[in-house]
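# got a predicted model here, sequence first, then my questions.
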Amino acid sequence: MKKNLRNVLAHLAANALILTGRVKQATQKALDTECILSLYFHKPAKDEFEFTIRWFRKKGFKFISPHDLEKIINGEIPFPKGAVLLSVDDGWQTNLTNVVEVAISNEVPVTIFVSTTPAEEGAYWWSYVTQAKRQGLTSFSKQQLKKIPEEERVNILQEIKQMIYPGRDAMTVEQVKMAARSPYITIGSHTQTHPILINCPEMQVYEELKGSRQKLESWTGKEVAYFAYPNGDYSRREIKVLKTLNYRLAFSSQPKYLTPALLSESFTIPRFGFLEGASHAENICRMTGVWQPMMQKLAHKKTAQPKKDKNWFNDLFFGEDRIQKLDM
């Protein structure tokens with residue numbers, strides 16, 4: 001199956017959702033009730049990020065920051081209606097132009113959760129793996145390495161790093177400092193090396209969370225009290241460590257509306273994921289929380305299918321590593 005076929009089919013499915021009125025209903029509900037649409041990106045194109053801001057503004061939404069979220073939690077300001085919180089994971093170099101500059105020019109608050117080691121060294125660990133696999137230097141994929149114990153992943157990665165360097169794709173330390181100077185940009189922690197925390201020993205989890213915060217605070221001269229879990233994976237252990245280190249908010253990738261009830265769980269704040277390269281129609285469905293329930297229902301219907309068929313379905317609608325940009 002060609003990669004762009006996934007986008008074509010997803011685009012058709014998204015337009016069907018829009019035509020049924022589901023998106024309009026969800027949008028109005030978010031505007032009329034105590035409901036925050038919490039959204040995260042990775043490395044959006046400039047036109048994708050601009051589109052997101054335009055769409056929300058046209059519909060009458062207002063943008064809030066994690067600082068505002070803390071004030072809501074503390075009862076300093078009322079829980080808003082029609083609010084949107086934007087965040088970006090990893091700290092890709094393209095974020096500087098495509099996110100930071102757009103946020104500043106539009107006066108929109110955005111939080112960038114930065115992994116510090118890629119900022120220092122240049123590339124994310126999966127960039128090494130992806131390029132090595134393309135060149136036939138390894139049989140491992142990014143997804144495979146996410147699922148194995150940390151020590152084993154690190155050993156495999158060290159071997160790959162001896163063979164290849166993919167070039168810089170993360171923001172430099174100076175660029176992180178530059179972004180942090182804007183009143184519209186909040187820098188948060190995303191660990192040092194971006195491991196899958198639940199696969200790591202407890203001491204490493206502690207060092208990843210402590211070290212990244214210390215470095216970011218030394219770089220920016222500002223407090224770093226917010227965190228996003230790499231790959232969205234966490235357990236009670238990670239929450240405990242975050243509290244020990246005096247972080248105040250942590251963001252997951254659970255696709256749920258942020259309501260007053262969920263806001264009380266300040267270390268598992270949900271976020272809807274924007275999918276770079278997907279159509280505007282699909283991302284409108286994602287941003288308004290309509291896409292995920294439909295996909296979950298379809299996935300349940302596939303449980304009786306052979307494993308091969310289920311994998312095909314998951315690749316088609318959930319496999320972000322298989323997305324190829326397609327203009328719609």
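Okay, I see it.

# for the chain, what's the longest strand?
Across the chain, the longest stretch assigned as strand under DSSP state E is strand 83-90.

# which neighbours in the sheet does it have, and how are they oriented?
Paired strands of strand 83-90, with direction, are strand 36-41 (parallel), strand 62-64 (parallel), strand 110-114 (parallel) (DSSP bridges).

# any low-confidence regions in the stretch 201-328 of the chain?
Along the stretch 201-328 of the chain, segments meeting pLDDT under 70 span 299-328.

# for it, just list every one of the strands.
226-228, 249-251, 272-273 (DSSP state E, counting those that start in this stretch).

# got those as a markdown table, with mean neighbour count and distance to Phe63 columns?
C-beta: built from backbone N, CA, C; applies to glycine. Compiled in a markdown table, the strands of the stretch 201-328 of the chain are given as follows (neighbours: other C-beta atoms under 10 Å; distance: least, C-beta to C-beta, whole Å):
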| stretch | mean neighbour count | distance to Phe63 |
| --- | --- | --- |
| strand 226-228 | 26 | 16 |
| strand 249-251 | 24 | 16 |
| strand 272-273 | 22 | 15 |
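
# out of those strands, nearest to Val110?
Closest approach to Val110 among these (C-beta to C-beta): strand 226-228, 12.2 Å.

# and the closest one, how far out from the chain's middle?
11 Å (C-alpha atoms, centre = their mean, to the nearest Å).

# show me what it is in contact with.
Outside of strand 226-228, the residues within contact range by C-beta atoms under 8 Å, 6 or more residues apart in numbering are 40, 66, 87, 89, 111, 113, 186, 188-190, 209, 242, 247-252.

# hmm, back to that, possible to save the strands of the stretch 201-328 of the chain as a markdown table with distance to Val8?
Below are these laid out as a markdown table (distance: least, C-beta to C-beta, whole Å):
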| stretch | distance to Val8 |
| --- | --- |
| strand 226-228 | 31 |
| strand 249-251 | 31 |
| strand 272-273 | 20 |
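
# to Ala123, which of the ones you listed lies closest?
Closest to Ala123 of those is strand 226-228 (C-beta to C-beta; 19.4 Å).

# residue contacts, the closest residue to Ile185 other than its chain neighbours?
Nearest residue to Ile185, sequence neighbours excluded (C-beta to C-beta, 6 or more residues apart in numbering): Ala179, at 4.9 Å. Counting by C-beta under 8 Å, 6+ apart, Ala179 touches Asn95, Leu96, Val100, Ile112, Met171, Ile185, Ile187.
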